[in-house]
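Asker: predicted structure and sequence below. I'll ask about it afterward.
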Amino acid sequence: MRTFLSRYLFSTDHKTIGIQYFVLSVLAGFVGLALSVVMRIHLSYPEAKIRLFEILWPNGAPGGVMTPELYLALLTMHGTIMAFFLLTTVPLGGFGNYFLPIQIGAHDMALPRLNMLSFWTTFLSFLVLLAAFFVEGGAPLSGWTAYPPLSAAGPIAGPGQGTGQTLWIVSIAIFCLASLFGSINFITTTLEMRVKGMSLFRMPLTVWAWFITALISLFAFAVLMAAGILLLLDREAGTSFFLPTGLLINDRALPNQGGTPLLWQHLFWFFGHPEVYIAVLPGMGIVSTILANFARKPVFGYKPMVWAMLAIAGLGFIVWGHHMFISGMNPYSSLAFSVLTLTIGVPSAIKTFNWLGTLWGGRIQLTTAMLFSLGFVSVFVTGGLTGIILGQPSLDIYFHDTYFVVGHFHMIMGVASVFAMFAATFYWFPRMFGRMLNEKLGRVHFYITFLGVYGIFIPMHFAGLAGNPRRYADFTQFEFLQDLTILHKFSSHCAFTTAAVQLLFLANLIYSYRRGPLAKDNPWNATTLEWLNKTPDAVHCGAYEYSVPGDTKDFRMQHEEAR
Amino acid sequence: MLLALFIGIVTLVTTAGVVTRRFWLPAGINQHAAAFDSWLGIVIAILGIAFLGAQIALAWVIWRHRDRGQRAVYWDGSPKFEVFSIAIVTVLFLGASVGGARLWTGVHMSDQPAALRIEVLAKQFAWNFRYAGPDGRFGRTKLDLRNDATGNPFGIDDTDPVAADDVSNAALRVPAGQLIELRLNAQDVIHSFFVRELRLKQDAVPGMEIPLRFIAAKPGTYEIACAELCGLGHHQMRSVLIVLPPAEFTAWLAQSKNP
Amino acid sequence: MTPTPHVHPPSPPGQHRRASFTALYAGMASIIMLFGAFTSAMVVRRGASKDWRGTPAPQLLWVNTAVLAASSVVAERARRHLRNNDRVHFNYWWSGATLLGAGFIAAQGLLWRRLVDAGVYLNSNPGSAFFYIGTVAHALHLFGVWLWMFYLWTKAVRLQLGPSRRTGVDVCTVFWHFLGVLWLYLMFLFIYWGNR
């Protein structure tokens, strides 16, 4: 019993912790996915009586028809679960924990006990969040951005704004703590635990990405923590940071004086924008590695890739205002934020060019991992380009808070990151579990998902062009929205199909874990250290020495000496 | 290879959607909307070219360099290419930022005097609009007088003589062709004033009074939507903007006295 | 579910010590961000309305500041004795630092008690709110480090520390100094800026 606990539950081994993070996040991801399916059913068939809804939420869906407050609660929980417990945890907590140490030749993370603590803190945070579903009033309905006064005024602002909202804030604060512990660990490990010869510019781009992501979350989550504390005090202790004078909610006057709702938005987006990069940077690292591997070529422009990630990380902290163009913020600062925002597009574009350059002249092998990486590049381009529209206040004035934004950020933050996770899962599964994932199932999964996500999110862009506001519980109250029903129906049906195909992935994971063909030591003929089962004494070359002229093999592992 | 095909398909379908404009912005009703549409057209054209270029390049590379047993070339970068692409992208993106700036300053930084000021009070889940009446001055309001049941959502204080000719209404009526200044305020949570045909959106924030100026040129009725999540009735927070010929508007205002 | 076993060479000497310091600096960076966020919130909040009424500054505050400063000096002395392998003196001084640290935390409790008695509550005005948030957040961090200090003290009295086993003491002391400096910053913010 003691060994079971210390080996599987309270293990300090980075590999076990990585798998714990991975399992928790896959679970969270499926919960978030299920919520989105339920939401899409309601949006397409607002009047339908669905027995399952009534069973799940007797108060939220009386007679099987979803109430607006339940819809908004699902929306909040979907966003929160996906942004925090999937996009933030899998790439960094899961794959980062497992592979960062072995890719730099370290025996473990620098602070193994802190590592265990960050996982269990994350787990606690997830439980607290889920508890919001089971309290009076249900989960909060203020969205994952939780703008006050809606989020600060308490239960009079709406169902779910009582205990549910409090649990949400507490959960996020705990999550901040977990992320800070994790970041400290990643930074320290990268800086201090590298094997001899592993200079910074010989590190795989995955390590760079995790390192930079850890730096971002070190700074960003500390600020979210502060914001969360202030919000909690406004709710529970009668302070007035975000609550202005003269609030009259539901015919009740609030005693608060002098606060400003915009303060929350500044603090939240100071975290929230970097959060996008926390989600997508590890994906960039993973995709760079996989593209190089299956094109059998070095990464094109390794150093520019590193500098681009550093630039994105740095600029990411000074562009938060582009979420606030129409918030009532000073219109002059909007112009400044716009220039900075479009500047951050430059390093992102450079990365795209370099990925194409990596493929150019290669010998492209379309394994499932490669398919998902190529899919990543495609959706990254699609989602990135619409950002050029949203980054201009003059155009954002129309598109802000429409489905155009929903389509945009799902493409670039959601789908792109998730594609990278799939790619990473297919690529590293053999290293993690000793067996290969089923490629045939993987391909079917990929192709349907690829068409599916375009089918879900491109129609949303068009709904946004037609001015469809987001976060509407149904589209029946406005004349102009009637015309867009067909777009939403199409989008929903694509979502149902795509969601169903994810079960194939789950089945693949479970089946291959038990029955998959045994993996060879280095099944992809890769160059990086995780494919050795022994930490080398030193490394002698960069991370992507594929097809080196004169070599007999078409890859040279990092510990191999040049001849 | 299927992937190259699929990338081609989604690219073409998306492009077709943009070209056919089956789902698009509604016709604008003022000069700002016209300027907005032409700038959006330029931006979308440029982004469209970039989109097509990048996706087709990706599909083509996948097909062109598929595994036929060849040995990959060893090419790990080109500083010239990096500098060149940085230069192009920077010019393009910063150009976008500068090009759109005039549109923005036109909305938020003009100093023309407004012909008519209207107070907007947003609340869960309704819009209210107040006109100053012939005297051009808004009367005093008090928080504890606010009451929908008595038809006084603004809490206008009747003891103030200035308030006597104030008019409040649940629909926004404006005279066509005149510069209107809305003063947006919210009494409970954040809401957002959005009229598609004006190509305008502005949050109404409790504790702030935010100006928003526009000229509506074309008479007609247009829907006002709330664009900031404000609670369970967010999706039904609807009102209408009724643009009237100036004479009709004056007549309406004159006969709409507060009770 | 056993991951593939992995063979490792021994860690190079000094790696653990360097890693401990790097982790400390990373932790400091995030603490600076946390208090930076509080500071900017405070500046914005003060500018947002005219209800700012300054922050309280009872006499006890100066006593506490002196206690904290003394604890830092004492801990520094202790650290030097350990480096010179003078374990007896280390134990004296480290015990002193631990006591002074506990004294500061207790005195902070007294301080808050006095303020509440004087009618200064968390929600009285923004100034008092930020004062409580800042000092409580500081005290929580300090208490965490103090627990570690105490743990090191239990090791010290069992003579389990020495010049080659002093990383914990060094990191703990530097962290303690950092929290001392943070305290001075908070005093500047609340007492000087807050009442200006």
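Answerer: On my side now, so go ahead. Numbers count the residues shown, from 1 in each chain, chains lettered A, B, ... in the order given.
Asker: for chain A, what's its nearest residue on chain B.
Answerer: B:Gly207 (2.5 Å; C-beta to the nearest C-beta). Every residue, glycine included, has its C-beta placed from N, CA and C.
Asker: which pLDDT value does the model give that residue?
Answerer: Per-residue pLDDT puts B:Gly207 at 94.
Asker: shouldn't it be in contact with A:Ser240?
Answerer: No - at 10.1 Å, B:Gly207 does not count as touching A:Ser240 under the criterion of C-beta atoms under 8 Å.
Asker: overlap in contacts of those two?
Answerer: Common contacts of B:Gly207 and A:Ser240 (C-beta atoms under 8 Å, 6 or more residues apart in numbering or on different chains): A:Gly259.
Asker: picking that back up, leaving out chain neighbours, which residue sits closest to the residue of chain B closest to chain A?
Answerer: In space, and not counting its chain neighbours, B:Gly207 is closest to A:Pro244: 2.5 Å by C-beta to C-beta, 6 or more residues apart in numbering or on different chains.
Asker: which residues touch the one you found?
Answerer: A:149, A:256-261, B:206-208.
Asker: scan chain C for its longest helix.
Answerer: In chain C, with assignment by DSSP state H, the single longest helix is helix C:15-48.
Asker: show me which positions of that helix end up buried.
Answerer: Residues of helix C:15-48 classed as buried by neighbour count (16 or more other C-beta atoms under 10 Å in any protein chain shown): C:18-20, C:22-24, C:26-35, C:37-42, C:45-46, C:48.
Asker: and stretch B:237-254, by the same measure?
Answerer: B:237-244, B:249, B:252-253.
Asker: quick check: domain ranges of chain B?
Answerer: With automatic domain parsing as the criterion, the domains of chain B are listed as B:2-63+B:79-108, B:116-255.
Asker: most packed of those?
Answerer: Mean neighbour count (mean count of other C-beta atoms under 10 Å in any protein chain shown) peaks for domain B:116-255 among these, with a mean of 20.
Asker: distance between that domain and the chain's centre?
Answerer: 17 Å (C-alpha atoms, centre = their mean, to the nearest Å).
Asker: so how far does it reach from one end to the other?
Answerer: End-to-end distance of domain B:116-255: 17 Å, with C-alpha to C-alpha, to the nearest Å as the criterion.
Asker: which residues in the stretch 101-250 of chain B form helices?
Answerer: Taking DSSP state H, counting those that start in this stretch to define them, one finds helices in the stretch 101-250 of chain B at B:246-255.
Asker: in it, what residue lies closest to chain C?
Answerer: B:Gly207 (8.3 Å).
Asker: phi, psi for that residue please.
Answerer: Backbone geometry at B:Gly207, expressed as degrees, to the nearest 10, gives phi 90, psi 0.
Asker: ok, it - contacts?
Answerer: Neighbouring residues of B:Gly207 by C-beta under 8 Å, 6+ apart: A:244-247, A:259-261.
Asker: quick revisit: distance of the residue nearest to B:Gly207 relative to A:His408?
Answerer: Applying C-beta to C-beta, to the nearest Å, the value for A:Pro244 to A:His408 is 31 Å.
Asker: any idea how far the longest helix belonging to chain B is from the chain center?
Answerer: The residue-count maximum for a helix in chain B (DSSP H) belongs to helix B:31-64. Taking C-alpha atoms, centre = their mean, the mean C-alpha location of helix B:31-64 is offset from the chain mean by 22 Å.
Asker: so which elements touch it?
Answerer: helix A:331-359, helix A:368-390, helix A:393-399, helix B:2-20, helix B:79-108, strand B:210-215 (3 or more C-beta pairs under 8 Å, 6 or more residues apart in numbering or on different chains; DSSP states H and E).
Asker: using JSON lines, please lay out the ones you listed together with mean pLDDT and distance to C:Arg165.
Answerer: What follows is the helices and strands packed on helix B:31-64, written out as JSON lines (pLDDT from 0 to 100; distance: least, C-beta to C-beta, whole Å):
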{"stretch": "helix A:331-359", "mean pLDDT": "95", "distance to C:Arg165": "45"}
{"stretch": "helix A:368-390", "mean pLDDT": "97", "distance to C:Arg165": "46"}
{"stretch": "helix A:393-399", "mean pLDDT": "96", "distance to C:Arg165": "58"}
{"stretch": "helix B:2-20", "mean pLDDT": "95", "distance to C:Arg165": "58"}
{"stretch": "helix B:79-108", "mean pLDDT": "91", "distance to C:Arg165": "50"}
{"stretch": "strand B:210-215", "mean pLDDT": "95", "distance to C:Arg165": "62"}
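Asker: mind putting these in TSV, distance to chain C included?
Answerer: Listed next are the helices and strands packed on helix B:31-64 as TSV, based on distance: least, C-beta to the nearest C-beta, whole Å:
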stretch	distance to chain C
helix A:331-359	13
helix A:368-390	19
helix A:393-399	21
helix B:2-20	31
helix B:79-108	21
strand B:210-215	15
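Asker: out of these, nearest to C:Trp153?
Answerer: helix A:331-359 (49.2 Å; C-beta to C-beta).
Asker: go through the closest one and flag the buried ones.
Answerer: So helix A:331-359, judged by 16+ other C-beta under 10 Å, has buried residues A:334-335, A:337-359.
Asker: what residues does the stretch 1-150 of chain A have near chain B?
Answerer: For the stretch 1-150 of chain A, the residues in contact with chain B (C-beta under 8 Å from any C-beta of the partner chain) are A:67-69, A:72, A:141-143, A:147-150.
Asker: between the two ends of stretch C:184-196, how far is it?
Answerer: One end of stretch C:184-196 to the other measures 17 Å (C-alpha to C-alpha).
Asker: is it anywhere near chain A?
Answerer: No - applying C-beta under 8 Å from any C-beta, one finds stretch C:184-196 out of contact with chain A, separated by at least 14.0 Å.
Asker: centre of the chain to that stretch, how far?
Answerer: 18 Å.
Asker: circling back: columns secondary structure and pLDDT on top of the contacts of B:Gly207, output as JSON lines?
Answerer: Output for the contacts of B:Gly207, formatted as JSON lines (DSSP: H, G, I helix; E, B strand; the rest coil; pLDDT from 0 to 100):
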{"residue": "A:Pro244", "secondary structure": "coil", "pLDDT": "96"}
{"residue": "A:Thr245", "secondary structure": "coil", "pLDDT": "94"}
{"residue": "A:Gly246", "secondary structure": "coil", "pLDDT": "92"}
{"residue": "A:Leu247", "secondary structure": "coil", "pLDDT": "95"}
{"residue": "A:Gly259", "secondary structure": "coil", "pLDDT": "94"}
{"residue": "A:Thr260", "secondary structure": "coil", "pLDDT": "95"}
{"residue": "A:Pro261", "secondary structure": "helix", "pLDDT": "96"}
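Asker: A:Ile156: which of those residues is nearest?
Answerer: Out of the contacts of B:Gly207, the member with the shortest distance to A:Ile156 (by C-beta to C-beta) is A:Leu247, at 9.8 Å.
Asker: any idea how far the residue lying closest to that closest one once chain neighbours are set aside is from A:Ile229?
Answerer: With C-beta to C-beta, 6+ apart as the criterion, A:Leu247 has its nearest non-adjacent residue at 4.2 Å, and that residue is A:Leu254. The spacing between A:Leu254 and A:Ile229, counted by C-beta to C-beta, is 20 Å.
Asker: for C:Asn85, what are its contacts?
Answerer: Going by C-beta under 8 Å, 6+ apart, C:Asn85 touches C:162-163.
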